[in-house]
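Novice: sequence plus the predicted model coming up.
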Amino acid sequence: MSMKYTRLAAVLLAGSVFAGCASTAGNTAAGTGIGAAIGAGLGAIIGDSSKAAGIGAGIGAVAGAITGYNWDRIVGKVEETGGKLGVSTTKMADGSLKVNFPEGATFDTGSYQLKSGAYPVLDALAEEMTKSPQLRVKTVGHTDNTGSAQLNQTLSVNRANSVVNYLASKGIDGSRLTTEGRGFNDPIADNGTAEGRAQNRRVEVFLYAVQQ
């Protein structure tokens, strides 16, 4: 057996192991863990690890081939409606656009009731999705490490669901919306400091376009 197929088998085995441990706390509660493992592994095989790993760590496996999209208009709208709240955008290597909502812009601590301040930003995303039917959204909730793993997992799922429920209330079909809760598994800062914990409490909204 060639080295390429040996590595492919190892990646698929890793995916099956992760899938066997998947939580039922949310729609895709363990999806990013699986996506990151398979995405990074397949990237190494096909020689484009940066792109595949980006997909795995961000939007994960999605239905339909991802296609290009000019994000400049929505980036401008996010800056206009959410910049003062700390909402920011990042164009990802996989072709998606990440809109990062810090906790203060969306939820009170320990709550999954959306704050009204987040509405204008989400309204802008819903407007763009209405204009462009090829757009899809995956929303990923994150927490800091204060409290139990189960408590944080549930909170992260509920927060992600609150965001997509708002988009659905604006007429976006549920088939275009997916959610994931990551609890405290993907920190972007040091949970040992108050500042770091604040950065880790966030919701990431990934927009991506699919071929139709």
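Specialist: That came through fine.
Novice: now Val137: closest residue in space that isn't a chain neighbour?
Specialist: Leu177 (5.3 Å; Cβ to Cβ, 6 or more residues apart in numbering). Bear in mind the C-beta positions are built from the backbone N, C-alpha and C, glycine included.
Novice: how many residues are close by that neighbour?
Specialist: A count of nearby residues for Leu177, using other Cβ atoms under 10 Å, gives 20.
Novice: and Asn100, by the same measure?
Specialist: 19.
Novice: who's it bridged to?
Specialist: When bridges are called by DSSP bridges, Asn100 pairs up with Ser88, Glu204.
Novice: next up, the contacts around it.
Specialist: 87-90, 202-205 (Cβ atoms under 8 Å, 6 or more residues apart in numbering).
Novice: please list only the buried members of these.
Specialist: Buried subset of the contacts of Asn100 (neighbour count, 16 or more other Cβ atoms under 10 Å): 87-89, 202-205.
Novice: skipping its backbone neighbours, what lies nearest Ala118 in space?
Specialist: Nearest to Ala118 is Thr106, by Cβ to Cβ, 6+ apart, at 4.7 Å.
Novice: what's the pLDDT at that neighbour?
Specialist: The model reports Thr106 with a pLDDT of 96.
Novice: okay, now it: neighbour count?
Specialist: Neighbours around Thr106, by other Cβ under 10 Å: 26.
Novice: after the longest helix belonging to the chain, which helix or strand is next?
Specialist: Identified as the longest helix of the chain according to DSSP state H is helix 149-169. Using DSSP states H and E, the helix or strand that directly follows helix 149-169 along the chain is strand 177-181.
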